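> This is a predicted model, with the sequence first.
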Amino acid sequence: MFFILSKIVWFVFSPVNFVILVAGLSVLLAFTRFARPARWIALFSLAALGLMAFSPLPRAVIRPLEDRFPQQDARKGPVTGIVVLGGAVGIARGDIVLNSSAVRMTKAVELARLHPEAKIVFTGGAANLITEAKETEADGAKLLFEALGLDPARLILEDQSRNTRENAVFSRRLVDPKPGERWLLVTSAWHMPRSIGVFRMAGFDVEAFPVDYWSSGEVDDFIRPYSRAPRALEVADNGFKEWVGLLAYRLAGYTDALFPAP
C-alpha cells in the first residue's frame, strides 16, 4: 500500500507536475467567473516554474543531501561486498539503457575491479505502477556487468524490490551479512541519507559510498543559476522528492532519524 500511495501522491505533488497541474487549473478557471483569481494562479505557476528552472534553488535543495555523507577512498579495503541500488539501469528493445544516474553502475564496476574478492549485489526490480514490466532493473544490471567483464559468479541479483526500503530488506535477506563484514552501499549522493536510514533499520550494516553528485560542492552552488531548464527541473524534482521521502519514511517508521547522519 505504501508503494502505491507514494507513486500516486508524488505524481500529483512532484514540484514540476504540481506547477503544471496548477497552471492547467488556471486556464480552466479563466473561462469562468473566477478569471481574476485564475490570473494570479497562472502568475504563481509561472514564477514557481521559473524559480526551479533558472535559479540556484535546485542546487540549494540538493546540496545538503549530497554533503551529508563524505566521499570515501575507493582503494580502502578489505571489502566483503558492494551493494548497488537500482534507479540507473534498465532494458529497452533488448538492449541496456542507462539514465542520468549511470555512474552508480560504472562506479560499482570500478570498485569490483579494485576489490576482486568482493561480491557485487544489485538490488532493483520493476517499479511500474500500471503496466507489468517484462524485464527488471536487475536484468539490465546483469547484462551491463557481464558486458563490462565482471565474473557472473560474483553477482548477486535482487529483482523483487520496488523502492528503497525493499532494497534494504530484500538485500539483507539475500546476503545474510555477518558481524565484522564490510559492505559498501553505492547510490547517488542525494539519495544516500534515506538509503542509509532504511538499511540501518533493516539491520544491514553498510558504509556509505556516495556517487553521482549533482552539485559541485563549491560556494557558488548557492548563487549560480542554471542555463538549461530541463536539467534544473530534474535536479529540483529529485531534491524535493528526497526531502519528502525522508519525512515520509520517518513517519512510516522505515528510518529511526529524520535526516540520517554518518
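Sure thing, it's come through.

> which ones are touching residue 210?
Residue 210 sits next to 66, 69-71, 187-189, 192 when contact means Cβ atoms under 8 Å, 6 or more residues apart in numbering. C-betas here are computed from N, CA, C, even on glycine.

> Just the buried ones from these?
With neighbours counted by 16 or more other Cβ atoms under 10 Å, the contacts of residue 210 contain buried members at 66, 69, 187-189, 192.

> Can you add pLDDT and secondary structure and give those back as JSON lines?
Below are the buried ones among the contacts of residue 210 laid out as JSON lines (pLDDT from 0 to 100; DSSP: H, G, I helix; E, B strand; the rest coil):
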{"residue": "66", "pLDDT": "98", "secondary structure": "helix"}
{"residue": "69", "pLDDT": "98", "secondary structure": "coil"}
{"residue": "187", "pLDDT": "98", "secondary structure": "strand"}
{"residue": "188", "pLDDT": "98", "secondary structure": "strand"}
{"residue": "189", "pLDDT": "98", "secondary structure": "helix"}
{"residue": "192", "pLDDT": "98", "secondary structure": "helix"}
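
> Residue 247 touches residue 258, doesn't it?
Yes: if you go by Cβ atoms under 8 Å, residue 247 and residue 258 touch, sitting 6.9 Å apart.

> Which one of the contacts of residue 210 is nearest to residue 163?
Checking the contacts of residue 210 against residue 163 with Cβ to Cβ, the nearest one is residue 187 at 12.7 Å.

> What residues are bridge-paired with the closest one?
residue 210 (DSSP bridges).

> and it, how far is that from residue 171?
Separation of residue 187 from residue 171 (Cβ to Cβ, to the nearest Å): 12 Å.

> cool, residue 37 as well?
Distance from residue 37 to residue 171, by Cβ to Cβ: 50 Å.

> One more: residue 123?
Distance from residue 123 to residue 171, by Cβ to Cβ: 5 Å.

> again with residue 208
15 Å.

> ok, now residue 215?
28 Å.

> Quick one: low-confidence residue ranges for the stretch 151-262 of the chain.
Along the stretch 151-262 of the chain, the model assigns pLDDT under 70 to no residue.

> just the strands in it please.
155-158, 183-188, 207-211 (DSSP state E, counting those that start in this stretch).

> The ones you listed: which one's closest to residue 175?
Of those, nearest to residue 175 by Cβ to Cβ is strand 155-158, at 6.3 Å.

> Understood, closing this out.
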